[in-house]
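Peer 1: only the shape, not the letters, is given here:
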């Protein structure tokens, strides 16, 4: 077993759901430290930690390579064929929560740093590995990197999210918002004396969807809206006075998040009759559209040289830490989302990774980086 596969297993075996990313961070730190990379572990809040290290000449442009350490919860453990924290390898598949999303990708970047260390004198730019916490709960670890001033003078951004080894050059933006409805309580037998907050919310759902921009792309479709959480009421025999809706909207590249939120706010304002509505934005991260595809094409060529498969440069529906990094540099540098693992297994029970994709990704990253910023 090679060092990359072993590191991926150890990361999967370190539970890192919300509040526990420190477990995986310590595993990654130890690997980087043992390989002479002088990493830093930043536990910026209790249980949550980023890990980073860098190579190459200082006071130059920086190529940022990044992956996150946290995962979503496992769900019902009994639904898993193999223990979700086993890291078991069977028939060429590595099983466990985070194997695809995205401990395999993060481990691959760490292994590439050990490879680059042996050729550090050939690097014409700095390479900065940023392993983040809290990506799954609002991209918080990425915000910490930006706030700490680590990401200046970027030349390229690589996000190792799972893409089945097909480079992606754009992603949807993300907006989370809460809509609160306040009506009037009454006895259920006299609904005429009250104003039902839940019914009020239900009535505006189709209007919220209709407010979305119509721009559509072949690969990512239109801007979407998911009604994720709805709550309210106190008892079956009481007309509810309070209700709340939490939504997730994903904006297609080319759509301004401000336009989406403005349309939602307009519905909320216009519908404030007997039931009064208010809105709070919880998360607002713009979409990504790489300014050019040169580096993505290079990754594509180097992947095809190994696999024989050439991918069409498209986008991903999910959000990544890249949105935070790109926003910090005004979307002015090329970004590629590329990593091992199938997107169809994101957040799924029985998450599993094709082991052979780890070594392919490692070779492709290394060759592409050296071709781009090597001597």
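Peer 2: That came through, no problem. None of these values were measured; they are calculated from a predicted model.

Peer 1: select the longest helix from the protein.
Peer 2: helix 355-373 (DSSP state H).

Peer 1: pLDDT of that helix, averaged?
Peer 2: Throughout helix 355-373, pLDDT has a mean value of 97.

Peer 1: what is the neighbour count of the residue lying closest to residue 137 once chain neighbours are set aside?
Peer 2: Leaving aside its sequence neighbours, residue 137 sits nearest to residue 18 (Cβ to Cβ, 6 or more residues apart in numbering; 5.3 Å). Glycine gets a C-beta too; all of them are placed from N, C-alpha and C. Neighbour count of residue 18, defined by other Cβ atoms under 10 Å: 15.

Peer 1: report the distance from the longest helix of the chain to the chain centre.
Peer 2: 21 Å (Cα atoms, centre = their mean, to the nearest Å).

Peer 1: residues of it that come out buried?
Peer 2: 355, 357-370, 372-373 (16 or more other Cβ atoms under 10 Å).

Peer 1: which parts of the stretch 251-375 of the chain are helices?
Peer 2: In the stretch 251-375 of the chain, the helices defined using DSSP state H, counting those that start in this stretch lie at 257-270, 294-307, 322-328, 355-373.

Peer 1: then the stretch 101-250 of the chain?
Peer 2: Under DSSP H, counting those that start in this stretch, the stretch 101-250 of the chain gives helices at 104-117, 140-147, 197-210.

Peer 1: which strands and helices sit next to the shortest one?
Peer 2: Using 3 or more Cβ pairs under 8 Å, 6 or more residues apart in numbering; DSSP states H and E as the contact test, the elements touching helix 140-147 are strand 40-45, strand 48-55, strand 126-132, helix 322-328.

Peer 1: and the ones you listed as JSON lines, adding distance to residue 73, mean neighbour count and mean pLDDT?
Peer 2: What follows is those, written out as JSON lines (distance: least, Cβ to Cβ, whole Å; neighbours: other Cβ atoms under 10 Å; pLDDT from 0 to 100):
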{"stretch": "strand 40-45", "distance to residue 73": "19", "mean neighbour count": "16", "mean pLDDT": "97"}
{"stretch": "strand 48-55", "distance to residue 73": "15", "mean neighbour count": "24", "mean pLDDT": "98"}
{"stretch": "strand 126-132", "distance to residue 73": "18", "mean neighbour count": "25", "mean pLDDT": "97"}
{"stretch": "helix 322-328", "distance to residue 73": "23", "mean neighbour count": "22", "mean pLDDT": "92"}
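
Peer 1: so who does the residue nearest the centre of the chain touch?
Peer 2: The residue lying closest to the centre of the chain (Cα atoms, centre = their mean) is residue 320, at 3.1 Å. Going by Cβ atoms under 8 Å, 6 or more residues apart in numbering, residue 320 touches 135, 159, 161, 171, 288, 337.
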